[in-house]
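A.B. asks: Model the structure of this input:
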Amino acid sequence: MEVLLKRHNLTVEQYYQMFSAGIITERDKVELIKGEITDMSPEGSRHNHYVGQLTDIFYEFFGREVVIRGQIPI
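C.D. replies: Below you'll find the predicted structure:
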C-alpha cells in the first residue's frame with residue numbers, strides 16, 4: 001500500500017507563531033525556505049571567507065557611513 005504524504009507550506013507569520021509557542025527555539029538551527037522549515041547548513045571557513053569579502057566590498061562601495069551587519073537573522 002502506497003502512502004501519500006501531504007506537505008503544508010507555512011507562512012512567515014505561522015513560522016514566528018511556532019517560535020512564540022516554543023515549538024521552535026533559537027537553539028534550533030532552522031530557517032523557512034519556500035514555506036518549508038529546513039535545517040541550516042553549518043558555517044564553514046569558506047562561507048566565512050566569502051561573508052568577510054562581501055562585507056569589505058559593501059564598505060568600499062557605500063563607505064563607512066552605512067551600517068553593515070552580516071549573519072544576523074531577519
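
A.B. asks: Show the average pLDDT along the lengthiest helix in the chain.
C.D. replies: The longest helix of the chain (DSSP state H) is helix 45-62. Average pLDDT, helix 45-62: 88.

A.B. asks: quick check, distance from that helix to the centre of its chain.
C.D. replies: A distance of 18 Å separates the centroid of the chain from that of helix 45-62, by C-alpha atoms, centre = their mean, to the nearest Å.

A.B. asks: What are the buried residues along it?
C.D. replies: Judged by neighbour count (16 or more other C-beta atoms under 10 Å), helix 45-62 contains no buried residues. Backbone N, C-alpha and C define where each C-beta goes, glycine included.

A.B. asks: Name the helix or strand of the protein that has the lowest mean pLDDT.
C.D. replies: Lowest mean confidence among the helices and strands of the chain (mean pLDDT, DSSP states H and E): helix 45-62, at a mean of 88.

A.B. asks: just checking, what packs against the longest helix of the chain?
C.D. replies: For helix 45-62, not one helix or strand is in contact under the criterion 3 or more C-beta pairs under 8 Å, 6 or more residues apart in numbering; DSSP states H and E.

A.B. asks: which outside residues touch it?
C.D. replies: If you take C-beta atoms under 8 Å, 6 or more residues apart in numbering as the criterion, helix 45-62 is touched by 66, 68, 70-71.

A.B. asks: If I look at residue 13, what pLDDT would I see?
C.D. replies: On the pLDDT scale, residue 13 gets 95.

A.B. asks: got the buried residues for the helix or strand encompassing it?
C.D. replies: In the assignment (DSSP states H and E), residue 13 maps to helix 12-20. The neighbour-count criterion (16+ other C-beta under 10 Å) identifies 15, 18 as the buried residues of helix 12-20.

A.B. asks: Having no further points to raise, I will conclude here.
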